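A.B. asks: Got a predicted model here, sequence first, then my questions.
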Amino acid sequence: MTRRRSLDVPVLARVEGEGALHVRIRDRTVETVALSIYEPPRFFEGFLRGRAAREAPDITARICGICPVAYQMAACNAVEHVWGLEVGETVRRLRRLLYCGEWVESHALHIYLLHAPDLLGYPDALTMARDHRDLVERGLRLKKAGNDLMDLVGGRAIHPVNVRVGGFYRFPDPADLTAARPWLEQALGDAVATVRTVAALAVPDLDMPYHFVALRPERAEDYPLEAGRVVLSGDGTAPAESFGLEEFDERVVEVQVEHSNALHARLRGVGPYVVGPLARWALLGDRLGGTAADLAAEVGLPQPLRNPFASIVVRAVEVVYALEEALRLIDAWPADPGPAFVDGPARAGAGHGASEAPRGLLVHRYRLDAAGEIRSATIVPPTSQNQAQIEADLRRVVEGNLDLDDAALRMRCETAVRNYDPCISCATHAVRVTVDRG
Amino acid sequence: MPRRPRLAVVKFASCDGCQLSLLDCEDELLAVADAVEIAYFPEASSTMSRGPYDLTLVEGSVTTPHDAARLQQLRTASRRLVTIGACATAGGIQALRNTRDVAGLASVVYPRPDFLDVLDRSTPIRAHVSVDYELRGCPVSKQSLLEVVAAVLADRKPRIPDVSVCVECKRRGLVCVAVAGGQACLGPVTQAGCGALCPGFARGCYGCFGPYGSANTAALADHLRATGTSARATEHLFATFNAGAPAFAAEAERQRGAPAGAPR
């Protein structure tokens, strides 16, 4: 007799946005796995047409309230590339500093409020706080440090106002940067403790044959963050292949599937691939340096890490990196920072810009006219790139856990989605989990 | 102990930023969680309880037939319903579709627009159901959000002043970026609440809190045109994150019809 099981979670919680997951199991065979994103489409690429290229950073920031800086940086990089604007070293550093704030805020949100409750068995961080008050307070302190850094550099944490094509509207007061040192150091202490805490959590086993993709920064000592023009691609064991950002459209195919309002990305000749903390660690982890590298070694973080349930440890290590990098950038702030932005005439042309959002590689491509208006825009967010791989992970998770009861299997599937810190607002928005064994 | 008020936080088409503002209240979050029962807040919790809710915070605009129906049920389940942010209050940046052909927009983004089920307009919550209070901002400010939650739960009027950004700017003693700096600034017509953030960064206000109650958009538009801002740039200034707010939508429409070269 054919055995069919059916599980349904109508709204996937603790992700940014709205989506659903459908799994069909017949006997002991997983027939289909579909991560369905029903977040309503908002058509950014459509209404960017005819807008001034200078508006792109502020408009595209509104794609995502969790990672607006990722969008602002990618948009600036793309427009500056088309116009041939070269930003100075101080602007580059300040962009990096702002972006460190976003990484700390976004990763702390995911680690403590979205992911840790899964691994410790709570519905949310507020309930978790009843038993683990110190832990949640530490997470909130860390998150706040990220937000405060964004306030300081960008004016506010959500949709910062200080970013413009060519640089910033105004540089921060050096005294304010210096004054940030003590609370950033305190946050670094919290971040170090976070790595040790999350590395000690029991996580489910899984070993996935991942193909990783990440942005390589120009400076050899930098971990991927605010910019880069070369994309690395590989499995993290053999030397990575590299290609120029301008080849991205040929290498990555975006396909529309009926069950989702987000486009699925596939790497030509490879298929599904992974962007984000696992990819950055696998391909460029040797650039972490400092306390971050020491901690990764101390907790025995394998490189590459192919268990997505342990990605929380990489996020925690990246928070340490971001705070150490922020302190380095503040210490290196020049006495005479020069102009806060560079400007130049609009030029017609097409170009790419990219950055490493907390969730992974984000690529913008614009075609601009001689008047400085956008003729066409293509935005490839990290979650739409990860979506096919999330489905592949889910298939393996279900296949390997058919003996779990429905509630436990459903929970395991939800956690497998949350491993990616999916931003469905970016990919479009919301995740619903249905496991149908019929 | 008296029953704690039940809070719901619900999302429609949006970027998640306004509900994130609640989680960004790091110093107050645990106290808020003690004071109210968080009955429904999918971004934060797997526990999702049915209504009725004493207070429902709504983020996002209505852009699909499914969401329009979901909003009706939500209103029925909510004693007080408060919109948070420009999407829920004015339709958000996605209201730019309201002056475009949606089929055309969808075909720009999606190869198979027939897979989508969307309305041709992005509308604020108030266009569908009664709303007890509207908090503006793209995003809302944390302090205002906490004030509105506290006020509505206490059945008092939130203390959100209906003045322009100019008032906050003067209060901070900032040099006027428009008059002294020659920049295009929407401060004179924009609802206060940000603390004159952009002028503080030597930048003109871009209107992310939307029009304040007595905004004279026509006078400001005339000034912008007379000081060198093109009709198209003026139109775009009014048509961003609050493109669907009536005062801004009307001014953008006037500029769209204005001759390109000279002031109107």
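C.D. replies: Noted; the coordinates are in hand.

A.B. asks: Spatially central, which residue of chain A would that be?
C.D. replies: By C-alpha atoms, centre = their mean, chain A has its centre lying nearest to residue A:359, at 1.4 Å.

A.B. asks: For it, which residues are in contact?
C.D. replies: Counting by C-beta atoms under 8 Å, 6 or more residues apart in numbering or on different chains, residue A:359 makes contact with A:67, A:106, A:275, A:276, A:382, A:383, A:386, A:420, A:421, A:422, A:423, A:426. To be clear about C-beta, it is placed using only N, CA and C from the backbone, and glycine gets the same treatment.

A.B. asks: Among those, which ones lie close to chain B?
C.D. replies: Cross-checking the contacts of residue A:359 against chain B (C-beta under 8 Å from any C-beta of the partner chain) gives residue A:423 as the overlapping residues.

A.B. asks: got JSON lines for the contacts of residue A:359, with secondary structure too?
C.D. replies: As requested, the contacts of residue A:359 are exported to JSON lines (DSSP: H, G, I helix; E, B strand; the rest coil):
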{"residue": "A:67", "secondary structure": "coil"}
{"residue": "A:106", "secondary structure": "helix"}
{"residue": "A:275", "secondary structure": "coil"}
{"residue": "A:276", "secondary structure": "coil"}
{"residue": "A:382", "secondary structure": "helix"}
{"residue": "A:383", "secondary structure": "helix"}
{"residue": "A:386", "secondary structure": "helix"}
{"residue": "A:420", "secondary structure": "coil"}
{"residue": "A:421", "secondary structure": "coil"}
{"residue": "A:422", "secondary structure": "coil"}
{"residue": "A:423", "secondary structure": "strand"}
{"residue": "A:426", "secondary structure": "helix"}
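
A.B. asks: Residue B:164: which of the contacts of residue A:359 is nearest?
C.D. replies: residue A:67 (30.9 Å; C-beta to C-beta).

A.B. asks: In chain B, which residue sits nearest chain A?
C.D. replies: Residue nearest to chain A within chain B: residue B:17 (2.1 Å; C-beta to the nearest C-beta).

A.B. asks: How many residues are close by that residue?
C.D. replies: For residue B:17, the count of nearby residues is 28 (other C-beta atoms under 10 Å in any protein chain shown).

A.B. asks: any low-confidence regions in chain A?
C.D. replies: Along chain A, segments meeting pLDDT under 70 span A:1, A:6-10, A:258-262, A:425-438.

A.B. asks: Then the stretch 1-150 of chain B?
C.D. replies: The stretch 1-150 of chain B contains residues with pLDDT under 70 at B:1, B:101-116.

A.B. asks: residue ranges for the helices of it, please.
C.D. replies: Assigned by DSSP state H, counting those that start in this stretch, the helices in the stretch 1-150 of chain B fall at B:17-23, B:29-35, B:65-77, B:86-90, B:102-109, B:142-153.

A.B. asks: buried ones in the longest helix seen in chain A?
C.D. replies: Looking across chain A with DSSP state H, the single longest helix is helix A:174-199. Under the neighbour-count criterion of 16 or more other C-beta atoms under 10 Å in any protein chain shown, helix A:174-199 has A:177, A:180, A:184, A:187-188, A:190-192, A:194-195, A:197-199 buried.

A.B. asks: Once you drop chain neighbours, what's closest to the residue nearest to the centre of chain A?
C.D. replies: Nearest residue to residue A:359, sequence neighbours excluded (C-beta to C-beta, 6 or more residues apart in numbering or on different chains): residue A:382, at 4.1 Å.

A.B. asks: Count the residues that sit near that neighbour.
C.D. replies: Residue A:382 has 30 neighbours, counted by other C-beta under 10 Å.

A.B. asks: and what of the one 5 residues further on?
C.D. replies: By the measure other C-beta under 10 Å, the count of residues near residue A:387 is 27.

A.B. asks: what about it, which helix or strand?
C.D. replies: Using DSSP states H and E, the element containing residue A:387 is helix A:382-400.

A.B. asks: just checking, next helix/strand downstream of the longest helix of chain A?
C.D. replies: strand A:212-216.

A.B. asks: Okay, angle between that next one and helix A:382-400 too, please.
C.D. replies: 150 degrees (axes from the mean of the first three to the mean of the last three C-alpha atoms, to 10 degrees).

A.B. asks: Could I get the buried residue list for the helix or strand that strand A:212-216 is followed by?
C.D. replies: For strand A:212-216, the following helix or strand on the C-terminal side (DSSP H and E) is strand A:230-234. Buried residues in strand A:230-234, counted by 16+ other C-beta under 10 Å: A:231, A:232, A:233, A:234.

A.B. asks: Kindly export strand A:230-234 (C-alpha atoms) in CSV.
C.D. replies: Extracted as CSV, the C-alpha positions of strand A:230-234 are listed here (Å, rounded to 0.1, in the frame of the first residue of the first chain):
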residue,chain,number,x,y,z
VAL,A,230,35.7,39.6,-9.6
VAL,A,231,33.5,36.7,-8.7
LEU,A,232,34.9,33.5,-7.3
SER,A,233,33.2,30.2,-7.9
GLY,A,234,34.2,26.8,-6.5
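
A.B. asks: For the chain, just list every one of the strands.
C.D. replies: Answering for chain A, as no chain was given. Assigned by DSSP state E, chain A shows strands spanning A:4-9, A:19-26, A:29-36, A:163-164, A:167-168, A:212-216, A:230-234, A:241-244, A:252-255, A:264-267, A:349-357, A:360-368, A:374-380, A:431-437.

A.B. asks: Oops, wrong one, chain B.
C.D. replies: Ranges of strands in chain B, per DSSP E, are B:6-11, B:37-40, B:53-59, B:78-84, B:133-135.
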